[in-house]
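> From the sequence below, what's the structure:
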Amino acid sequence: MLADHFPPDIALVVATDPMQTQRLSEAEEACVANSVEKRKREFRSGRHAAKAALRQLGLKEDINLLPIAGGTRPDWPAGYVGSITHTTGFCAAAVATQTHYQAIAIDVEPRTPIQRNALAAICTNREQQWIAQQPDDHYKADWGKTFFCIKETLYKVFNPIHDVYLDFQEAEVQLSRQDGSFTADIHQQAKGITCRYSGRFGMNERYIYASTLLRQELPQKIRRSVP
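Reported below is the predicted structural model:
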């Protein structure tokens, strides 16, 4: 599923059931001390999966993946970027080094249709027109949730870099059913930020999944004229 999206320099770990009850460090457990049991299990699964992914990339020391101030996403160790997703019955973490990536994001959602009133909030007019034009096949009811899943990854990439909120309507996505890829044009109004991201999406019988990878820009070689 998600593993098919990633090159070898990204570590992906799917959480196992024992990770839900395996306690974290005292500092990490304190973050969810007053949370309901469901939240505690999700938090533990995500953190354990993320630490396993970091170890796959060579990080050896013990770390505390505490939430960033005022947020819930982890404060990743220096030199690393990552993403955690969890939904009913599934949790995973993906991690990469900042040498190669500015940001990465994954999201998994249950394959259930979204409400019609929610569709208008999530999808732009052009995206809704695209959905309406799709054939009445096995996937017809899934496209709204697919746009939602993709836009969750867009936010996870955009927000850490720009430190500003991104609304669903400020991202317009173009899907390719043929190869499971997408591009997204971002027009964030508050700060006038425009950019384009790309990624992949897919689904199986239970879940819809998406990923967005933002690579580091390679320095351009300086061409010198020969006298």
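
> then stretch 110-122 to CSV, C-alphas only?
Backbone C-alpha positions of stretch 110-122 (Å, rounded to 0.1, in the frame of the first residue of the first chain) are rendered in CSV as follows:
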residue,chain,number,x,y,z
PRO,A,110,-11.2,4.7,6.0
ARG,A,111,-12.9,4.0,2.6
THR,A,112,-16.2,5.4,3.5
PRO,A,113,-18.1,8.2,1.6
ILE,A,114,-18.1,11.7,3.0
GLN,A,115,-21.3,13.7,3.6
ARG,A,116,-22.5,15.8,0.7
ASN,A,117,-22.3,19.0,2.7
ALA,A,118,-18.7,18.2,3.7
LEU,A,119,-17.8,17.7,0.0
ALA,A,120,-18.5,21.4,-0.7
ALA,A,121,-16.2,22.4,2.1
ILE,A,122,-13.4,20.1,1.1
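
> Can you pull out the residues in contact with that stretch?
87-88, 128, 131, 141-142, 144-145, 147-148, 151, 168-169, 203-208 (C-beta atoms under 8 Å, 6 or more residues apart in numbering). C-betas here are computed from N, CA, C, even on glycine.

> Tell me which of the residues you listed fall in helices.
128, 131, 144-145, 147-148, 151 (DSSP state H).

> ok, and for the lowest-mean-pLDDT helix or strand in the chain, which residues are buried?
When each helix and strand of the chain is scored by mean pLDDT, DSSP states H and E, helix 116-122 comes last, with a mean of 93. Of all the residues in helix 116-122, those buried under the rule 16 or more other C-beta atoms under 10 Å are 119, 122.

> Alright, I will stop here.
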